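> Generate a structure from the sequence data that follows.
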Amino acid sequence: MDHLDRPRPIVNKNKLITILISIALIISFSIPKAEAQSQGSIQFETVEVNLFPEFNQLSVYVSSDLSLVDNISLPQTLNLQIPAAINDFLVTYLDEDGFYKSPDVTVSRDYRWNYIRFSSPSPTIRVEYNDPNLVQQGNIMAYDFHWASDYPVFHFTVNVFQPAGISQFESNRALEETGIEGSSLQVSTLKQSPLPSEHLFELSFSYIRTGDIIYPNLKVEAGEAITENTPGRVPQPMSLVLWLSSIALSILILVGSYFIWFKRRTSQQQGRMVQGVGIMNPEKLAVFCHECGMRSSPGDSYCSNCGTELRKPTTFIASHH
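Next comes the predicted model:
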């Protein structure tokens, strides 16, 4: 029997379509599940947020330090959220040498949040930005801070560094009031542990500004006692004057010594040239007879023309100065 005459298998089209749909559903459900499992393994051990109202402008400088749990595998792709009003921000991670480096970041946004996505090879991450949502009504300042995260946080802390020259600081949560040693600044701290994932944390505070100081510089103190051997120490004015005077005196001595040596050397060369004129120029040794004017040869005692005794020339000796 020829192969063209063999019976063809009957294909059930409905069954094939059902199989294809099932495969597509399995793939579509497995990808989000794998991503959810990956995000579920990401946890922050600590998140510490520092808020500086009126730090360098009419805004709130926000600096957040995040630390992943110890047993997490690296690198990790993270998704963080900051308010949509933020246009400029900085995301960095701490490398093995102790320096903060910037990863490649992709950003998407909606009406409320900027969604930041990046890969971090380090468990320590820092996020910094200036939040313009500081509201001013006369001398009353008010601010609302929001934190939203896809990942749980075991230890969450917020520190509010109160500006100088304010009064009646109030917040919607109970804060612990502390101070900075060597400064008049007050710090209001809130600790909340743990903080679940997809939880919106809100902290609102307000105060009355009584002075014109925006934010003063913190007092800078040396880590150890400053001595004369401290590297980079600036000399005292008197020590600097003595040091410069010594250099100027040394230069004068060198210049004077060179001038004396040069003058003495020049005088010696001039003396040797005068004494050696007769040797260098034999014409200067020629003698002429004072009677007849006949020129005699070097070494003659009498004139070869008239026989008159020749007068010997007087030797010139140059004096040394």
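> quick one, what contacts the nearest residue to residue 101 once chain neighbours are set aside?
Distances taken as C-beta to C-beta, 6 or more residues apart in numbering put residue 95 closest to residue 101, at 5.4 Å, once the chain neighbours are dropped. C-beta: built from backbone N, CA, C; applies to glycine. By C-beta atoms under 8 Å, 6 or more residues apart in numbering, residue 95 lies in contact with 101, 121, 122.
> Show residues contacting the strand or helix carrying residue 188.
Assessed by DSSP states H and E, residue 188 sits inside strand 186-192. The contact list for strand 186-192, computed with C-beta under 8 Å, 6+ apart, reads 155-162, 169, 171, 173-180, 201, 203, 205.
> likewise stretch 199-215?
Contacts for stretch 199-215 (C-beta under 8 Å, 6+ apart): 52-57, 139-149, 156, 158, 160, 162-173, 188, 190, 192, 195.
> Report the buried members of these.
52-55, 141, 143-149, 156, 158, 160, 162-166, 169, 171, 188, 190, 195 (16 or more other C-beta atoms under 10 Å).
> So which of those residues are in strands?
Among the buried ones among the contacts of stretch 199-215, the members found in strands (DSSP state E) are 52-53, 141, 143-147, 156, 158, 160, 162, 166, 169, 171, 188, 190.
> Straight-line length of stretch 144-160, end to end?
End-to-end distance for stretch 144-160, by C-alpha to C-alpha, to the nearest Å: 12 Å.
> Now stretch 248-265: average pLDDT?
For stretch 248-265, the mean per-residue pLDDT is 86.
> Also stretch 301-316?
Averaged over stretch 301-316, pLDDT sits at 73.
> cool, stretch 147-164 as well?
The model assigns stretch 147-164 a mean pLDDT of 92.
> same deal with stretch 92-101?
The average of the pLDDT scores along stretch 92-101 is 93.
> what comes up buried for that stretch?
92, 93, 94.
> Turn those residues into a markdown table, columns for distance to residue 244 and secondary structure.
Putting the buried residues of stretch 92-101 into a markdown table (distance: C-beta to C-beta, whole Å; DSSP: H, G, I helix; E, B strand; the rest coil) gives the following:
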| residue | distance to residue 244 | secondary structure |
| --- | --- | --- |
| 92 | 45 | strand |
| 93 | 49 | strand |
| 94 | 46 | strand |
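> from those residues, which is closest to residue 44?
For the buried residues of stretch 92-101, the minimum distance to residue 44 (C-beta to C-beta) is 13.6 Å, reached by residue 93.
> residues in contact with that closest one?
100, 101, 103, 120, 121, 122, 124, 125, 126.
> The residue nearest to it when sequence neighbours are not counted: neighbour count?
Take residue 93 and drop its neighbours on the chain: the residue closest to it by C-beta to C-beta, 6+ apart is residue 122, 4.1 Å away. Using other C-beta atoms under 10 Å, residue 122 has 18 neighbouring residues.
> before we move on, which element is residue 122 in?
Element membership for residue 122, per DSSP H and E: none, as it lies in no helix or strand.
> what residues are up against it?
Neighbour list for residue 122: 74, 93, 94, 95, 96 [criterion: C-beta under 8 Å, 6+ apart].
> if we go to 10 Å?
67-68, 74-76, 92-96, 100-101, 103 (C-beta atoms under 10 Å, 6 or more residues apart in numbering).
> try residue 81
When contacts are counted by C-beta under 10 Å, 6+ apart, residue 81 is found next to 109, 112-116, 127, 146-150, 200.
> Which of the residues you listed sits closest to residue 248?
Minimum distance to residue 248 across the contacts of residue 81 is 56.2 Å, recorded for residue 127 (C-beta to C-beta).
> Got the phi and psi for that closest one?
Torsion angles at residue 127 (phi, psi; degrees, to the nearest 10) stand at phi -120, psi 130.
> Hmm, residue 49 and it touching each other?
Yes - the criterion here is C-beta atoms under 10 Å, and residue 127 meets it with residue 49 at 9.1 Å.
> Which residues are in contact with each of those two?
Shared contacts of residue 127 and residue 49, counting by C-beta under 10 Å, 6+ apart, come down to 62, 63, 64, 65, 66.
> wait, which of these is closest to residue 84?
Among the shared contacts of residue 127 and residue 49, and counting by C-beta to C-beta, the member closest to residue 84 is residue 62, at 14.2 Å.
> Can you give the strand pairings for the helix or strand that contains the closest one, parallel or anti for each?
Assigned by DSSP H and E, residue 62 falls within strand 60-68. With DSSP bridges as the test, strand 60-68 is paired with strand 44-53 (antiparallel), strand 124-131 (antiparallel).
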